[in-house]
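Visitor: here's my sequence, what's the structure:
(one chain, ligands or ions: 1)
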Amino acid sequence: MTIEISRRVLLRGTAAAAVGLPAAGYLIGCSTTEPGGGASAAANVLERGREQGFLRVAVFSEPPYTKLETDGTVTGAEPDVLRAVCQRLGIDDIQGIKVPYESMIPSLQADRVDVIAAGLFMKQSRCAEVVYSEPVIVSTESFGVPTGNPDGILTVQDVLDNPDLKIAVLPGGFEQGILNSAGVSKDQQLNVNDNITGIEAVKNDRANAFFLPTLSLEELAETVGGFQLTPVVEDAPKTGSGAAWGNDQQSAVDEYNAELEEFKASSEFDEIMDTWGFDADAAREVTAEELCQVEG
Ligand code: 6CS
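Guide: Numbering: from 1, shown residues only. As a prediction, the model looks like this:
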């Protein structure tokens, strides 16, 4: 399994060396990182962040949830909130590490990242493996389809009703989980590496639809175009996400949540949510406990 290290991390040679990261472009396997992930071996992840000056954050670079800029800066709704709250807690910065969704929790468990802030949507199986902070975003799902939606795909049931349909999904992603829970066969699923390859599969007829969060498809419509979004998929569960921490970090998450609660009441939170197109109030009106009831 390889994990892409943002250029900014590589440019921070000493910091990268200090946390046991190689100067290579990729972090390969477990052997190249020290247990505990770095300069500070503090058991409490926030203490580690204060001591080493940053936290390593798993992202996928799927705007507006997360975005790895070409200079290595990590932005997006969730990293921007994480950075703001961390700075209030005395942690100077966060460093983005690109990790596929299916590898995020294993990377956290292997201590190759300190936290996940990727829009890794809350659901029962994930909530059993990590400790989520309170939610900062609430999300819906849509299909990206050819213009005119020639196959009439609007719901997961429509996919079930037509076994000839092929749906592009990100491996290990929330959408793949929805299809699997609904009983959609693997034969109807096309695993794609990222959002661009997913929408290109639709545009070149390798898939009839790309199943992805509504806001991610809206971003692709602006940056890539050449396809149509369906309305929100009504038979897909609605959920949300917040930062995901190691299962042994409950005391750190309690400290983080206390600061996050104050931050969510501030205008700065509204500004970040507005920048990325999310509804700040929706995230204020739901809890991690509620979203961790989402099946899957
Ligand atoms: O939580 C997930 O797995 C999904 N989250 C986002 C932001 N995009 C796709 C992914 O499948």
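
Visitor: for residue 262, which non-adjacent residue is closest in space?
Guide: residue 88 (7.9 Å; C-beta to C-beta, 6 or more residues apart in numbering). In this view, the C-beta of every residue, glycine as well, is placed from N, C-alpha and C.

Visitor: residue numbers of the stretch 1-150 of the chain in contact with the ligand?
Guide: 62, 65, 101, 119-121 (C-beta under 6 Å from any ligand atom).

Visitor: related to what we said a few turns ago, what's around the residue nearest to residue 262, how many residues?
Guide: Here the number of neighbours of residue 88 (other C-beta atoms under 10 Å) works out to 15.

Visitor: pretty sure residue 282 contacts residue 140?
Guide: No - if you go by C-beta atoms under 8 Å, residue 282 and residue 140 don't touch, sitting 10.2 Å apart.

Visitor: so residue 210: helix, strand or coil?
Guide: Three-state assignment for residue 210 (DSSP: H, G, I helix; E, B strand; the rest coil): strand.

Visitor: please report how far it lies from the ligand.
Guide: 11 Å (C-beta to the nearest ligand atom, to the nearest Å).

Visitor: please shift the residue numbers so they start at 108 in all later answers.
Guide: Got it, the first residue is 108 from now on, which makes the last one we talked about residue 317.

Visitor: now do the same contact list for that residue.
Guide: 250-252, 274-276, 299, 305-306, 308-309, 324, 334 (C-beta atoms under 8 Å, 6 or more residues apart in numbering).

Visitor: neighbour-wise, give me the winner out of those residues.
Guide: The residue in these with the most neighbours, by other C-beta under 10 Å, is residue 250 (31 neighbours).

Visitor: which helix or strand lies directly C-terminal to the lengthiest helix in the chain?
Guide: For the chain, the longest helix by residue count, based on DSSP state H, is helix 357-371. Remark: after helix 357-371, the chain's next helix or strand is helix 374-383, criterion DSSP states H and E.

Visitor: give me the helices and strands touching that following helix, please.
Guide: The elements that helix 374-383 packs onto, with contact taken as 3 or more C-beta pairs under 8 Å, 6 or more residues apart in numbering; DSSP states H and E, are helix 184-195, helix 387-391.

Visitor: would you mark the buried spots in the longest one?
Guide: It refers to helix 184-195. The neighbour-count check on helix 184-195 (16 or more other C-beta atoms under 10 Å) flags 184-193 as buried.

Visitor: where does pLDDT dip in the stretch 208-357 of the chain?
Guide: Of all residues in the stretch 208-357 of the chain, none has pLDDT under 70.

Visitor: what about the helices in it?
Guide: 208-216, 231-234, 263-268, 281-289, 302-310, 321-330, 357-371 (DSSP state H, counting those that start in this stretch).

Visitor: tell me which of the ones you listed sits nearest to residue 148.
Guide: Checking those against residue 148 by C-beta to C-beta gives helix 357-371 as the closest, at 14.5 Å.

Visitor: let me see the contact set for the residue nearest to residue 369.
Guide: Counting by C-beta under 8 Å, 6+ apart, residue 195 has contacts 366, 369-370.

Visitor: and the buried ones among those, selectable in ChimeraX?
Guide: To isolate the buried members of the contacts of residue 195 in ChimeraX, using 16+ other C-beta under 10 Å:
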select :366,370
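
Visitor: enumerate every residue touching the closest residue to residue 280 other than its chain neighbours.
Guide: In space, and not counting its chain neighbours, residue 280 is closest to residue 208: 4.8 Å by C-beta to C-beta, 6+ apart. By C-beta under 8 Å, 6+ apart, the contact set of residue 208 is 167, 225, 227, 277-281.

Visitor: would you reformat those residues as CSV and include neighbour count and distance to residue 180?
Guide: Compiled in CSV, the contacts of residue 208 are given as follows (neighbours: other C-beta atoms under 10 Å; distance: C-beta to C-beta, whole Å):
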residue, neighbour count, distance to residue 180
167, 25, 16
225, 27, 16
227, 27, 20
277, 24, 23
278, 13, 26
279, 15, 26
280, 23, 24
281, 26, 26
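
Visitor: looking at those, which is nearest the ligand?
Guide: residue 280 (2.4 Å; C-beta to the nearest ligand atom).
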